[in-house]
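**Student:** Sequence and predicted structure are below.
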Amino acid sequence: MSFKPILLATALLAAAVHSAPAMAQDIQATQLSFDAYLQLLIARARAEGVSEATIRRMTGDLTANERVIQLDRSQPGSSSGSGYPPLAPYISRHVDAARIGGGRDIYRNYRPTLQRIEGEYGVPGEIVLAIFGHETAYGRVKGGFDLARSLATLAWEGRRRELFAGEFVALLKVADKGYPRSTLVGSWAGAFGNPQFLPSTYLRLARDGDGDGRADIFNNRADTFASIAHYFQDAGWRRGQPWGVRAYLPSDFDVDAYKTKLRAPVCPRVHERHSQWKTVGEWRKLGVQPQRPLDEAVMASLFQPDGPGTPAWLLTTNYRVILEYNCSNYYAMSVGILADEIAR
């Protein structure tokens, strides 16, 4: 038994030697002042083609934002406990009369635009509007942090350095498209615009929705709708399929008997709450009855978040696309239910 500590020490030493260059770089960056580290970010942006004019106007007077560091360090880690808060109170707060009414008003006013975008991307207008409403209250609450300052601060702080360094350079590329720094404001963590895209997401997925040659997700609703729809299309949204439907369960039905045995590599606490995947036809044979039309061959997962005797849903793979936007059952369910209410 005495050889085990020696083997462990040897393994740790080998790992340390193997990762030494990366660790040294990380330590060096951590020890730099904000101004010195900013020069590394500027050099990277310059190497990736950002213009000198954009670099000057976006970085000329940047300082570290201590409030952003405090907010980042106060973020909770992934929960590893047991039990879940009930869904119903969350839904009542996030699928309220204001969001439902606001979504219906926009749908009426932009129906032709939303229908055209649905024809192009396959994503229903009510889903697009539910994201818009959930993320920024239909454009009313978008955040007021200077994105360049926030992202540079987060990269310098180092907790998620490579993520935020990449997003800072991506932001400068967005600015290079002609957006002034005064427009590039948003959340403390770098999300911006009506759909709250990160800069790299904007560069990859933002779309021009009205043909003016510009993807303005800050003020242009057609561009906002097209960009959200393209995000969902890219994530695998299946045209013509709902996100999920309410389901009737027999009084003696044991949902736990069909719990998934798979462990999801990402957001396991979210996915462990879903059942095994079966076709709608297979669920029907077990007594589960969807309350809206759903093709018998569609694959679905059974979800009864608040326990026996409470509402249950059959969730399709489109529900998992909503989770791509924010990996939370509370978020995804509220988006789906809000979309249904907007369309009702």
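**Tutor:** Nice, I can see it.
**Student:** Could you report the separation of the residue nearest to Asp176 when sequence neighbours are not counted from Ala36?
**Tutor:** In this structure, Asp176 finds its nearest non-sequential neighbour in Thr54, 4.6 Å apart by CB to CB, 6 or more residues apart in numbering. No exception for glycine: its C-beta is placed from N, CA and C like everyone else's. Using CB to CB, to the nearest Å, one gets 21 Å for the distance from Thr54 to Ala36.
**Student:** between the two, who's got more neighbours?
**Tutor:** Thr54 (20 against 12; other CB atoms under 10 Å).
**Student:** The more buried one: what's it in contact with?
**Tutor:** Shown in contact with Thr54 (CB atoms under 8 Å, 6 or more residues apart in numbering): 172, 175-176.
**Student:** Buried residues of stretch 331-344, list them for me.
**Tutor:** 331-342 (16 or more other CB atoms under 10 Å).
**Student:** where does this structure dip in pLDDT?
**Tutor:** 1-30, 76-82 (pLDDT under 70).
**Student:** Quick test: name the residue nearest the centre of it.
**Tutor:** Residue closest to the mean C-alpha point of the chain, counted by CA atoms, centre = their mean, is Tyr325 at 2.9 Å.
**Student:** Wait, that residue touches Asp234, no?
**Tutor:** No. Here Tyr325 does not reach Asp234: they are 11.2 Å apart, not a contact under CB atoms under 8 Å.
**Student:** and Ile42, how far is that from Ile55?
**Tutor:** 6 Å.
**Student:** And these two? Which one has more around it.
**Tutor:** Taking other CB under 10 Å, Ile42 and Ile55 do not tie; Ile42 has more neighbours (21 against 18).
**Student:** any idea which helix or strand comes after the helix or strand harbouring the more buried one?
**Tutor:** Element membership of Ile42, judged by DSSP states H and E, is helix 34-47. Using DSSP H and E, the next helix or strand after helix 34-47 towards the C-terminus is helix 52-59.
**Student:** okay, the angle between that following helix and helix 34-47?
**Tutor:** Relative orientation of helix 52-59 versus helix 34-47 (axes from the mean of the first three to the mean of the last three CA atoms, to 10 degrees): 150 degrees.
**Student:** What lies in contact with the next helix or strand after helix 52-59?
**Tutor:** For helix 52-59, the following helix or strand on the C-terminal side (DSSP H and E) is helix 66-73. Helix 66-73 is contacted by residues 145, 149-150, 153-154, 157, 159, 188-189 when judged by CB under 8 Å, 6+ apart.
**Student:** Flag every buried residue along helix 66-73.
**Tutor:** Quick answer for helix 66-73 (16+ other CB under 10 Å): 68-69, 71-72.
**Student:** Extract the C-alpha set from the helix or strand following that helix and format it as CSV.
**Tutor:** Using DSSP H and E, the helix or strand that directly follows helix 66-73 along the chain is helix 87-94. Written as CSV, here are the backbone C-alpha positions of helix 87-94 (Å, rounded to 0.1, in the frame of the first residue of the first chain):
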residue,chain,number,x,y,z
LEU,A,87,-42.0,25.4,-11.3
ALA,A,88,-45.5,27.0,-10.8
PRO,A,89,-44.3,30.1,-8.9
TYR,A,90,-41.6,30.8,-11.4
ILE,A,91,-44.1,30.5,-14.3
SER,A,92,-46.5,32.9,-12.6
ARG,A,93,-43.8,35.5,-12.3
HIS,A,94,-42.4,35.1,-15.8
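**Student:** May I see the buried residues of helix 87-94?
**Tutor:** For helix 87-94, using 16+ other CB under 10 Å, the buried residues are 87, 90-91, 94.
**Student:** And the helices in the stretch 201-344 of the chain, which stretches?
**Tutor:** 221-234, 268-271, 280-285, 317-325, 329-343 (DSSP state H, counting those that start in this stretch).
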